[in-house]
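> Return a 3D structure for these sequence lines:
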Amino acid sequence: MARESKRRSNGRRSPWAAAALIGIGLLITGGVYAGASAAMAANADTAVSSALTVEDGKKLFQANCATCHGLDLQGSTNGPSLFGVGELSVEFQVATGRMPLQAQAPQAPQKPVQFTHEQVLAMAAYVQSTAPGPTFPTEEVLDGEGDVARGAELF
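Next comes the predicted model:
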């Protein structure tokens, strides 16, 4: 005689079947959510328009530069005074990765830049507002319509 499996009297399936259905439902829901959020992120406008102010530059300077250059740009035993260097020098030193300096040396080595362009400009504006010096050239100077032949004479 063949052995018959005992049928449940209440007509329910195995308790594992309910757990499996819930798990499959959660996986499908998670997959749909992940796909939808990725699609939304791809369509989102990624441009960030933030104009940092001189006050933001001051905060960045105090957090990253004041250790060597002093809170008031007066310099210290670890770094020179920034009076008279102007925004042009700050932009060059920070935007090329030479500052902040890791160790004192005759020439600051170039390394990866630690700040965004907006942050660099904010710090440069702070230095320019506190201790003026050379500034960025005007559009008139940069227009490219100068007389090259006369340039050597002027220089």
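
> From here on, just use CA atoms for contacts and neighbour counts.
Noted.

> In this protein, which residue is most central in space?
In the chain, the residue lying closest to the centroid (CA atoms, centre = their mean) is residue 116, at 4.9 Å.

> quick one: that one and residue 88, what's the gap?
Residue 116 sits at a distance of 16 Å from residue 88 (criterion: CA to CA, to the nearest Å).

> now do residue 70
For residue 70, the distance to residue 88 - CA to CA - is 19 Å.

> quick check: longest helix of the chain.
helix 15-43 (DSSP state H).

> Could you pull up the mean pLDDT of that one?
Mean pLDDT, computed over helix 15-43, is 85.

> How about stretch 141-155?
For stretch 141-155, the per-residue pLDDT averages 69.

> Pull the number of nearby residues for residue 104.
10 (other CA atoms under 10 Å).

> what about residue 83, helix or strand, and which?
Assigned by DSSP states H and E, residue 83 belongs to neither a helix nor a strand.

> Can you tell me how far the closest residue in space to it that isn't next to it in sequence is from residue 106?
Nearest non-adjacent residue to residue 83, counting by CA to CA, 6 or more residues apart in numbering: residue 131, 4.8 Å away. Using CA to CA, residue 131 is found at 24 Å from residue 106.

> Those two: which is more packed in?
Counted by other CA under 10 Å, residue 131 and residue 106 do not tie: residue 131 has more neighbours, with 18 against 5.

> Could you pull up the residues touching the more buried one?
Residue 131 is in contact with 73, 82-86, counting by CA atoms under 8 Å, 6 or more residues apart in numbering.

> before we move on, what about residue 88?
124, 134-136 are the contacts of residue 88 under CA under 8 Å, 6+ apart.

> try 10 Å this time
Taking CA atoms under 10 Å, 6 or more residues apart in numbering, we find residue 88 in contact with 121, 124-125, 127-128, 133-137.

> go on, residue 32?
26, 38.

> coming back round to it: buried ones among the contacts of residue 131?
73, 82-83, 85-86 (16 or more other CA atoms under 10 Å).

> Just the closest of those residues to residue 53, please.
Residue 53 lies nearest to residue 86 out of the buried ones among the contacts of residue 131, by CA to CA, at 16.5 Å.
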